[in-house]
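Q: Sequence plus the predicted model coming up.
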Amino acid sequence: MRTLAGATLAEAIHSRVIATALLAAIAAAAAGMFAASLALTDGAGIGAAVQGWLARIGAVFVLATFAVSSVVRDTDDKGLELVLSMPIPRSAYLLGKWAGMALAALALATLVAASLLPHAAPRAAAAWGASLFLELIIVASAGLLCAVTFASVVGSLAALAAFYSLARTMAAMIAIGHGNVAPADSPLFHAATVGLHGIAALLPRLDMYAPTAWLVTPGAELHGLPNMALQAAVYTIALLAAAAIDLSRKSV
Amino acid sequence: MARSEPQRPWSRVPLAAVGILAGALTLHVLLHRAHPFVSPAAADLGPPPSAGLVQAASLGDPLAAAKLLNLVLQAHDNQPGLSVPFASLDYAMVTRWLGRILDLDPAGAYPLLAASRLYGEIPDAARVRVMLEFVHDRFTENPSVRWPYLAHAAHVARHRLSDPLLARRYAATLRRHAAGTTMPAWVRQMEVLLLADMDEAAAARVLLGALLDSGQVNDPAEYRFLLSRIDGSFGRSTTAPGEAK
């Protein structure tokens, strides 16, 4: 498992995951500086918000693409068959890949948080980076599950994008669905609302992760981090268990 | 999905993995319940995003963004955990939002419907006038589509605000811009309707009934919304034309 984790991290480096994330962080910083220079006031806040938002999207995109392509490549290149022919449980492959991706996520989150230091206080940037790391862990785990399930880069990335978008926007959708002009007595609307709540219950609250408020509000309370860590841990375990179930049924 | 390889039987799935999945999902749902989406905290309505920003953010498709902005504005009225009374909203800001949405989506009726029948139906004459003026100011840009909202504005001015002069001004605007449009005859005669000695409920029924009968309301949701305003059953299930019971 340790070997696989190291190999996955090496693959991330050779696939220029870190380099791409670095470029994305530089581009985000440039966009943040540009936005800050346009601001009449609160330039630091605007710069941090723009940079943080762009950098987070960039990090998520880079890691998701790597997680999916890495597993699909293993399948296509018969690397998965080679690993599974060894006297190790299939779950060891998953855990090894996941550990490597978690290390890559740690590197990305550290890099992005460091790039925010010109705009944000070190404590806020560190907490934001830790929260981003947890978000990236969930994304990597979901990418692992999608890749094992769909065995296709396009299908997996589409599913992952849908998962991420839903998890980030579900709070807004629920709020809109409870508006007082909503046709509350319509059976169709009621069924849709129940379905929405059902989906929401199965998704992580990604909208709580890496909040921009931590970067732009001086003295913002950072107390949400333990809850995020707990939720990320539980959800990651669920995703990995689902991936293990799917992998154990593959006739590799 | 991309592979059609046969799968191994379920008996090959480790029970531990199934147990962990079930346990983790259960724990996740419990955690989810411990942190509900609803967290009461009212926030002021800020200014709408600029047209250029919307254009950029929508990747060159401002119409889609305009449709979403309708929901954003609507969602502000219904913030998580509380329903913000319309009377406590900054109507100047609401007008800016509605105007921006209308700029981005000139064919859309949502902002005018919201202005005339949501934000314009509160017991605050000053705020209602702001909304009515908004509807009046934007009517001339597209009289064929926007006449129902100005007709309603005239009705509100006459019966809610008890301001016959304002109502007649709106009715006169309707009449002046009726030429060359699909505006029905009864709208052109709004002035007569307003001058007639009718009580508010009767006038509202005439106005809305004529509008619904004109067949110009094609959206089922809007039809239901308007119908509920006639019979006072706001929120009650009604069936729009073309919809099965």
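A: Sure thing, it's come through. Residues are numbered from 1 along each chain as shown, chains lettered A, B, ... in the order given.
Q: going forward, measure contacts between C-alpha atoms and count neighbours the same way
A: OK.
Q: Which other helices and strands does the helix or strand that contains A:A201 contact?
A: Secondary structure assignment for A:A201, by DSSP states H and E: helix A:187-202. Secondary-structure packing of helix A:187-202 (3 or more C-alpha pairs under 8 Å, 6 or more residues apart in numbering or on different chains; DSSP states H and E): helix A:153-177, helix B:15-34.
Q: Helix A:187-202 and the first one, what's the angle between them?
A: For helix A:153-177 against helix A:187-202, the angle by axes from the mean of the first three to the mean of the last three C-alpha atoms, to 10 degrees is 120 degrees.
Q: Would you mark the buried spots in helix A:153-177?
A: A:153, A:155-157, A:159-161, A:163-164, A:166-168, A:170-177 (16 or more other C-alpha atoms under 10 Å in any protein chain shown).
Q: same thing with the last one?
A: Taking 16+ other C-alpha under 10 Å as the basis for neighbour counts, the residues of helix B:15-34 that come out buried are B:17-18, B:20-21, B:24-25, B:27-29, B:31-32.
Q: Retrieve the pLDDT associated with the residue in the stretch 51-200 of chain A that chain B sits nearest to.
A: Going by C-alpha to the nearest C-alpha, chain B is nearest to A:F150 of the stretch 51-200 of chain A, at 4.6 Å. Each residue has a pLDDT score; the one for A:F150 is 89.
Q: what number of residues lie near it?
A: 18 (other C-alpha atoms under 10 Å in any protein chain shown).
Q: now it: how far from A:A102?
A: Separation of A:F150 from A:A102 (C-alpha to C-alpha, to the nearest Å) stands at 21 Å.
Q: And B:Y223, by the same measure?
A: 53 Å.
Q: now swap in A:G143 and tell me
A: 12 Å.
Q: neighbour count winner among those two?
A: A:G143 (31 against 23).
Q: gap between the helix or strand hosting the more buried one and the chain center?
A: Following DSSP H and E, one finds A:G143 within helix A:122-150. On the basis of C-alpha atoms, centre = their mean, to the nearest Å, helix A:122-150 sits 4 Å off its chain's mean C-alpha point.
Q: Same question for it: list its buried residues.
A: Buried, per 16+ other C-alpha under 10 Å, within helix A:122-150: A:124-150.
Q: residues contacting the nearest residue in space to A:I245 that is not next to it in sequence?
A: In space, and not counting its chain neighbours, A:I245 is closest to B:V13: 5.7 Å by C-alpha to C-alpha, 6 or more residues apart in numbering or on different chains. By C-alpha atoms under 8 Å, 6 or more residues apart in numbering or on different chains, B:V13 lies in contact with A:245, A:248-249.
Q: any idea whether the residue lying farthest from the centre of chain A is helix, strand or coil?
A: Most distant residue from the mean C-alpha position of chain A: A:D185, 37.1 Å away (C-alpha atoms, centre = their mean). Taking DSSP: H, G, I helix; E, B strand; the rest coil as the rule, one finds A:D185 in the coil state.
Q: Next, count neighbours for B:S228.
A: 16.
Q: tell me which element it is part of?
A: Going by DSSP H and E, B:S228 is in helix B:220-231.
Q: Compute the mean per-residue pLDDT across the longest helix seen in chain A, please.
A: If you go by DSSP state H, chain A has its longest helix at helix A:43-76. The average pLDDT for helix A:43-76 rounds to 89.
Q: again, but for stretch B:21-30
A: On average, stretch B:21-30 scores 90.
Q: Any residue of it touching chain A?
A: Yes. Using C-alpha under 8 Å from any C-alpha of the partner chain, stretch B:21-30 reaches chain A at B:21-22, B:24-25, B:27-29.
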